[in-house]
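In: predicted structure and sequence below. I'll ask about it afterward.
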Amino acid sequence: LKNPNNITDIHINLIDRLKEGDRRAVARLITQVENQGQEITKKIIKEIYPLTGKATIVGITGPPGSGKSTLINQLSSKYLDIGMKVSIIAVDPSSPFSGGALLGDRIRMKDHSSNKNLFIRSMANRGKLGGLAIATKDVIHILDAYGSDIIIIETVGVGQSEIDIFKSAHTVIGIIPPGMGDEIQTIKAGIMEITDIFVINKMDHDGVDKIANQIEDMLNISDQFLNNNPYGKSNEKKLNKWRPSIVKTNALKGENIDELIININTHTAFLKNTNSFTQRLIYRYKFYILDILKNLMEKNIENVLFNNDEIEDFIRKKIELREGNDPYTISDLIIKKYLK
Ligand SMILES: Nc1nc2c(ncn2[C@@H]2O[C@H](COP(=O)(O)OP(=O)(O)OP(=O)(O)O)[C@@H](O)[C@H]2O)c(=O)[nH]1
Ligand SMILES: [Mg+2]
């Protein structure tokens, strides 16, 4: 594109086609927000935003090989069978590849890959100018505007980037495979806060009840503390708190998938019937805004530091001092003087 900072006829055309449900236009718009600068993304999101807000967003996390893709395959089948439009985003924060074959392989949608109501996209770290968390939020909105009834996000593990990604979801499913033993203690901190439905997949393996009991114990303990609510202590009394449910599944054979869907629906209904829905929406907005502002600030600060003769002088003089020449002190001064 000649002028990467302007929305072009090409983008307008893609957005029109997205509104008509053109899958290829969706894929190309996603590539645009992934690879072009924030100015283009801003304009695309502004343009499509009025069409968003209808999709149910479900995040699925769990250790490698726990059955996330298999489960998503089963869930998608059920949703597609009743005529729903399903979108899947596979996010891999650890992978340097973007949208490549590697991630494509991880999601195996043998039965449905030709279904017009299904859209699958892989995302990884590379090529995301503003970071993966913000790119995922942008992509979710494009898929929402496209008319997806449900958007399912698959991501491995419980690192900070996954937790950030799941701040965009309505319902978060945490898969815990049996046989984790005492490891369950180590995953709890991150996953406990964000999981709405615990799925013990591979229920055909041993140790399913043991895991279920451990999760129950963890939930009982956390119920005793008010301050572990991710939405903040002060909101605790206003929120009717959801107690995470536990579902056992066999994703390979498709057992208990209906039960899982019922749990997802119950959770969505819970959000809508309490003020949690608005509360979550506000928090989603806050985290989206946080990402956007961080990006903007970073660029502003870079600009101040690297394209400004005055600050160059200022730093040179500070460095020559015997006291107060450390980077922290200089940073404080720069905030006061240049970044007000
Ligand atoms: N026995 C049994 N095997 C399962 C079940 N669910 C998934 N599997 C198998 O477990 C393996 C991993 O499943 P995936 O769905 O690829 O797991 P994943 O969590 O998506 O894996 P990554 O994307 O690589 O992190 C595959 O061989 C599946 O066939 C289950 O309920 N029971
Ligand atoms: Mg997978």
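Out: Right, received. Where do you want to start? As the structure is a prediction and not an experimental result, all values here were calculated from the model. Ligands and ions are numbered 1, 2, ... in the order given.

In: how far off centre is whichever strand or helix holds L333?
Out: Assigned by DSSP states H and E, L333 belongs to helix 327-338. With C-alpha atoms, centre = their mean, to the nearest Å as the basis, helix 327-338 stands 34 Å off its chain's centre.

In: residues in contact with the residue nearest the centre of the chain?
Out: With distances taken as C-alpha atoms, centre = their mean, the residue of the chain nearest its centroid is I165 (2.2 Å). Going by C-beta atoms under 8 Å, 6 or more residues apart in numbering, I165 touches G59, V91, L132, A133, T136, I153, T155. Just so you know, the C-beta spots here come from the backbone N, C-alpha and C atoms, and that holds for glycine as well.

In: near ligand 1, which residues of the protein are found?
Out: The chain comes close to ligand 1 at residues 62, 64-70, 106, 156, 201-202, 204, 250-252, as judged by C-beta under 6 Å from any ligand atom.

In: got a ChimeraX select line for the buried ones in the residues you listed?
Out: In ChimeraX, this line selects whichever of these come out buried by 16 or more other C-beta atoms under 10 Å:
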select :62,66,67,68,69,70,106,156,201,202,250,251
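
In: which of the residues of the chain next to ligand 1 fall within strands?
Out: Of the residues of the chain next to ligand 1, the ones assigned to strands by DSSP state E are G62, V156.

In: tell me the least confident of the residues of the chain next to ligand 1?
Out: Least confident entry in the residues of the chain next to ligand 1, by pLDDT: R106, with 47.

In: now do T52 against S276, distance only.
Out: Distance, T52 to S276, by C-beta to C-beta, to the nearest Å: 19 Å.

In: apologies, that question was intended for K116.
Out: 34 Å.

In: and the two? Which one has more around it.
Out: S276 (20 against 10; other C-beta atoms under 10 Å).

In: the more buried one and A269 touch, don't they?
Out: No. With contact defined as C-beta atoms under 8 Å, S276 does not reach A269; the gap is 10.8 Å.

In: quick one: which of the residues of the chain next to ligand 1 is nearest M297?
Out: Distance to M297 across these (C-beta to C-beta) is lowest for V156, with 29.6 Å.

In: can you tell me the closest non-neighbouring residue to the closest one?
Out: What sits nearest to V156 in space, not counting adjacent residues and going by C-beta to C-beta, 6 or more residues apart in numbering, is P64, at 5.5 Å.

In: what about the strands in the chain?
Out: Ranges of strands within the chain are 56-62, 86-92, 118-124, 150-156, 171-175, 197-200, 245-248, based on DSSP E.

In: of all those, which lies closest to ligand 2?
Out: Closest to ligand 2 of those is strand 150-156 (C-beta to the ion; 5.7 Å).
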